[in-house]
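Q: I would like the atomic coordinates for the input below:
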Amino acid sequence: MAWERLVQLSFFLMLATWKSTTQTINTDFFAHTMLSYYWTSSTYAVNTSYAWLLDFNQGDVVNGFNKSNSYYVRAVRGEQEVGTLIDNGDGTISDRATGLMWQKAEAGAMNWESALTYCESLQLAGHSDWRLPNRNELQSIVDYTRNNLTIDRNSFPGAVAGLYWSSTTIAFNTGFGWVADFKDGNIGDGFSSVSRGKSLS
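A: Numbering: from 1, shown residues only. Predicted structure coming up:
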């Protein structure tokens, strides 16, 4: 199989880590990664002349960059999976691509500590090992082909175009956490206000 494509954003994030304050990639394996923006193959749904990038300096996922601009590139090989979400019919959604199981219903808005407690206390579909997803896991259900609600609406019909907590804290300020904005797909840091919880088993 040829080295034939750029990395889709959701898979590129598998390389990223948010434990460092200076470089958000495992440098044991990717020692020469630049502290800068890298292209993904994911087009920005609002304007198809633009695409999504991942910043390996701070870990931000950003849109609105014109495809004619020059940024760094890392190639990938392997099959791209589509249609990986399965409704289990018991209030949960399974993702074949990641092996994760998600709560289908919405938990409502709450602060970060309450989101952690809610998820860890959840009893659903015979499972009691629910938790708040980390940044990469939460990012994995963002659908970058959509706008105004960047999630599979059939799988998550109650989802809102707003901020959802991850369990990942900001490396340089542990009083703040990473969130996914399901309005436009942005992944942001520096949030300590009320957001919404999404549970994961």
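Q: ranges for the strands of the chain?
A: In the chain, the strands defined using DSSP state E lie at 5-6, 37-43, 50-55, 61-66, 75-76, 85-87, 92-95, 100-103, 109-110, 163-170, 173-181, 187-191, 195-196.
Q: weakest of those strands in terms of mean pLDDT?
A: Mean pLDDT is lowest for strand 5-6 among those, at a mean of 48.
Q: least trustworthy helix or strand in this structure by mean pLDDT?
A: Lowest on mean pLDDT, DSSP states H and E among the helices and strands of the chain sits strand 5-6, with a mean of 48.
Q: center of the chain, which residue is that?
A: The chain has Q139 as the residue nearest its centroid, 0.9 Å off, counting by Cα atoms, centre = their mean.
Q: could I get the phi/psi values of F29?
A: F29 has phi and psi values of phi -100, psi -30 when expressed as degrees, to the nearest 10.
Q: for it, give its distance to R74.
A: 12 Å (Cβ to Cβ, to the nearest Å). All C-beta spots, glycine's among them, are computed from the backbone N, C-alpha and C.
Q: of those two, who's got more company?
A: R74 (16 against 8; other Cβ atoms under 10 Å).
Q: regarding the chain, what is its longest helix?
A: Scanning the chain for the longest helix, with DSSP state H as the assignment, gives helix 112-121.
Q: okay, now the nearest residue to G126 once chain neighbours are set aside: neighbour count?
A: With Cβ to Cβ, 6 or more residues apart in numbering as the criterion, G126 has its nearest non-adjacent residue at 7.9 Å, and that residue is D90. When neighbours are defined as other Cβ under 10 Å, D90 has 11 of them.
Q: wait, D90 touches Q103, no?
A: No - using Cβ atoms under 8 Å, D90 makes no contact with Q103, being 10.7 Å away.
Q: with adjacent residues omitted, what lies nearest to V62?
A: Nearest to V62 is L53, by Cβ to Cβ, 6+ apart, at 5.4 Å.
Q: burial of that neighbour, as a residue count?
A: 24.
Q: returning to what we had before: OK, contacts around the residue nearest to G126?
A: L124, A125, G126 (Cβ atoms under 8 Å, 6 or more residues apart in numbering).
Q: for S155, see how far away the first one is.
A: So the one you mean is L124. For L124, the distance to S155 - Cβ to Cβ - is 15 Å.
Q: swap in the second one?
A: Going from A125 to S155 by Cβ to Cβ gives 15 Å.
Q: quickly list the domain ranges of the protein.
A: With domains defined by automatic domain parsing, the chain comprises 5-76, 85-196.
Q: thinking again about what came up before, select, out of the strands of the chain, the one closest to R146.
A: Counting by Cβ to Cβ, R146 lies closest to strand 37-43 out of the strands of the chain; the figure is 11.4 Å.
Q: thank you kindly, that will do.
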